[in-house]
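# fold the following for me, if possible:
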Amino acid sequence: MAQEEKESSDLALADRHIVEARARIALQQARVDALIASGSGSDQATDLLKTMEQTLDQFLAHRATIVEKLERP
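Here you go, the predicted model:
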C-alpha cells in the first residue's frame, strides 16, 4: 500500500473514531444529566465524561496530523 493510500485509510479510520466518540459522549452526557436530575451522585459519571472529551480532543489532533501529511507535496 502506498503511503498516500495508507494516510487516506488512516483518515477514514480517524473520522470513524471521531463520529463514534461524539455519539458516546452524547450518551454519557445524557447519563450525567439524568443522574443530576434524580439527585444521585454524578461524580464518577462526570469524570468519565471529561475523560471521553479529552480522548476526543486527542482523536481530533491525530486527525489534523493525518490531514497535514496528506497535504504535503
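
# which strands or helices does the helix or strand where L13 lies pack on?
Assigned by DSSP states H and E, L13 falls within helix 3-38. Where contact means 3 or more C-beta pairs under 8 Å, 6 or more residues apart in numbering; DSSP states H and E, helix 3-38 is packed against helix 43-71. Every residue, glycine included, has its C-beta placed from N, CA and C.

# what angle separates the helix it packs on from helix 3-38?
Relative orientation of helix 43-71 versus helix 3-38 (axes from the mean of the first three to the mean of the last three C-alpha atoms, to 10 degrees): 160 degrees.

# next, the buried residues of helix 43-71.
Using 16 or more other C-beta atoms under 10 Å as the test for burial, helix 43-71 gives A45, T46, L49, M52, L56, F59, H62, R63, I66.

# am I right that the fourth one is in contact with A23?
No - the criterion here is C-beta atoms under 8 Å, and M52 misses it with A23 at 10.7 Å.

# quick check, central residue of this structure?
The centre of the chain sits closest to L56, judged by C-alpha atoms, centre = their mean, with a distance of 2.8 Å.

# tally of neighbours for the residue nearest to that one when sequence neighbours are not counted?
Computed as C-beta to C-beta, 6 or more residues apart in numbering, the closest residue to L56 that is not its neighbour in sequence is A21, at 4.5 Å. Burial of A21 is recorded as 18 neighbouring residues (other C-beta atoms under 10 Å).

# now do the contacts for A21.
M52, T55, L56, F59 (C-beta atoms under 8 Å, 6 or more residues apart in numbering).

# can you redo the residues you listed as JSON lines with distance to E5?
As requested, the contacts of A21 are arranged in JSON lines below (distance: C-beta to C-beta, whole Å):
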{"residue": "M52", "distance to E5": "31"}
{"residue": "T55", "distance to E5": "27"}
{"residue": "L56", "distance to E5": "26"}
{"residue": "F59", "distance to E5": "21"}
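
# closest to E7 among the residues you listed?
F59 (15.9 Å; C-beta to C-beta).
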